[in-house]
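Fold the following for me, if possible:
(chains A and B)
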Amino acid sequence: AQSVAQPEDQVNVAEGNPLTVKCTYSVSGNPYLFWYVQYPNRGLQFLLKYITGDNLVKGSYGFEAEFNKSQTSFHLKKPSALVSDSALYFCAVSPIWGTGTASKLTFGTGTRLQVTL
Amino acid sequence: NAGVMQNPRHLVRRRGQEARLRCSPMKGHSHVYWYRQLPEEGLKFMVYLQKENIIDESGMPKERFSAEFPKEGPSILRIQQVVRGDSAAYFCASSPRRDRVETQYFGPGTRLLVL
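Coordinates of the predicted model:
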C-alpha cells in the first residue's frame, strides 16, 4: 500500500523569502506524485505533478517540486513567497496499475503555509 | 470550460435521513472520483467510477454508502441513514481517461452536517 507523509503541520515564512513544504512517500515501484493547494472552504487546485523525466517539475503560480528517488521525497518549493500563497498544501501519490495508468490518489495530511509581511 | 460542479455546496441532515450528493464532471471527462475530508485531515479516497461502471470502491464503507455514474446525468454519492460521523466535506474529482496519468480536477465540495 502507498502512503504519503507531510511532517510539518504548519510552515511559517516571511514574504519574499523562499519556502519549502516537505513530502515523503512510500509506494511499490515508480510513483506518480502530485501537489494540490486548498484555500478555505474551497476545493483542491492542482499545482504540479511528477510522472517521469526531469526531477525538477515546474507548476502553477511559480511553484516547483523536486523529485528525489533515493530519499523518496517530493518537496514543494518557491523562490519568493507571497502572502497570497497562504493556504493548505497537500502532497499525493498515485499507484501505477499494470498498464501504467493511475487511479486513486493517496493524500498526506496537509501542511498549512502561513506567509507574513 | 466549466470546472467540476458539485451540489449542493452545503447539506444539513438529521440522523437517519438520506443524503444525496451530486457531481458533474468537467466537459469531456468520463472518470469520476469521490473523496471524503474529515475536519483537519487529508482527503481519503472513496470510489472511482466510469460511466455506468464502478472501477474501484475499496474506500467505500461497506454499509449505507453507494455511488453511481449513469450514462446520462451527474454522478451521485448516496448516504443512507446518516450518522453524526458522516459529517465531512465530500469532494468529487474528474479526469479525461485512464490510459495515461491524467490529472484529477476537483470540485468545490459538498459540506455535509449531520445533526
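
so which strand or helix has the spatially most central residue of chain B?
In chain B, the centroid-proximal residue (C-alpha atoms, centre = their mean) is B:Trp34; its distance is 3.5 Å. Remark: B:Trp34 resides in strand B:31-37, with elements defined by DSSP states H and E.

Just give the number of residues close to residue 12.
Using chain A. 12 (other C-beta atoms under 10 Å in any protein chain shown). All C-beta atoms are positioned from the backbone trio N, CA, C, and that covers glycine.

try again with chain B
B:Val12, neighbours per other C-beta under 10 Å, totals 13.

Show me the beta-bridge partners of it.
When assigned by DSSP bridges, B:Val12 has beta-bridge partners B:Leu113.

Could you measure from it over to B:Glu18?
Distance of B:Val12 to B:Glu18, computed by C-beta to C-beta, to the nearest Å: 13 Å.

circling back to that earlier point, the strand holding B:Trp34 pairs with which strands, and in what direction?
Strand B:31-37 is paired, per DSSP bridges, with strand B:43-50 (antiparallel), strand B:88-95 (antiparallel).

Around chain A, which positions in chain B sit nearby?
B:4, B:6, B:33, B:35, B:41-45, B:48, B:55-56, B:58-59, B:91, B:93, B:98-109, B:111 (C-beta under 8 Å from any C-beta of the partner chain).

Around chain B, pick out the residues from chain A.
So chain A meets chain B at A:32, A:34, A:36, A:41-46, A:49, A:51, A:90, A:94, A:99-110 (C-beta under 8 Å from any C-beta).

now the strand holding B:Trp34, how far from the centre of its chain.
Chain-centre distance of strand B:31-37: 5 Å, with C-alpha atoms, centre = their mean, to the nearest Å.

what's the answer for stretch B:70-81, then?
For stretch B:70-81, the distance to the chain centre is 8 Å (C-alpha atoms, centre = their mean).

What are the contacting residues of that stretch?
B:5, B:15-25, B:32, B:34, B:46-47, B:49, B:51-52, B:64-69, B:86, B:90, B:92, B:112 (C-beta atoms under 8 Å, 6 or more residues apart in numbering or on different chains).

where in chain A is pLDDT low?
For chain A, applying pLDDT under 70 flags the ranges A:96-102.

wait, A:Thr52 sits on A:Asn30?
Yes: taking C-beta atoms under 8 Å as the definition, A:Thr52 is a contact partner of A:Asn30 at 7.4 Å.

between the two, which one's more packed in?
A:Asn30 (12 against 9).
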